[in-house]
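In: Take a look and give me a structure for this.
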Amino acid sequence: MNWRGLRSKKDPVRTILGFYSAEHADAEKAYQTIRAAGRVSVRLFRENGTKSNFGPNEHYGALRLDGESLLVARAPPAKVQTVVR
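Out: I've put the predicted structure just below:
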């Protein structure tokens, strides 16, 4: 699913940011789990600067501190709790 295909005026979207220490594999595990959940767009900005895919929300990558990975998910309100867990 692409970032644009997720949103319409009747279907609001929430952006969820998750910061992870790059020393752990938690970010990659969370990325794979959220992708499998469906109807959620997710990107992983890895500590080494690589990205899981490209999209209009590139600016979120600049929020990472050195040694951090960042997970950015966009989901409808009903899916937010699922993503956060």
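In: Now do the SS call for the residue nearest the centre of the chain.
Out: The C-alpha lying nearest the average C-alpha coordinate of the chain belongs to Val72 (CA atoms, centre = their mean; 2.3 Å). Secondary structure, DSSP: H, G, I helix; E, B strand; the rest coil: Val72 is strand.
In: Without its sequence neighbours, what residue ends up closest to Tyr60?
Out: Closest residue to Tyr60 in three dimensions, ignoring its sequence neighbours and counting by CB to CB, 6 or more residues apart in numbering: Val72, at 4.8 Å. (Glycine included, C-beta is placed from N, CA and C.)
In: Verify the stated contact: the one you found with Phe45.
Out: Yes: with contact defined as CB atoms under 8 Å, Val72 and Phe45 form a contacting pair (7.2 Å).
In: Need the overlap of contacts for the two.
Out: Shared contacts of Val72 and Phe45 (CB atoms under 8 Å, 6 or more residues apart in numbering): Tyr60.
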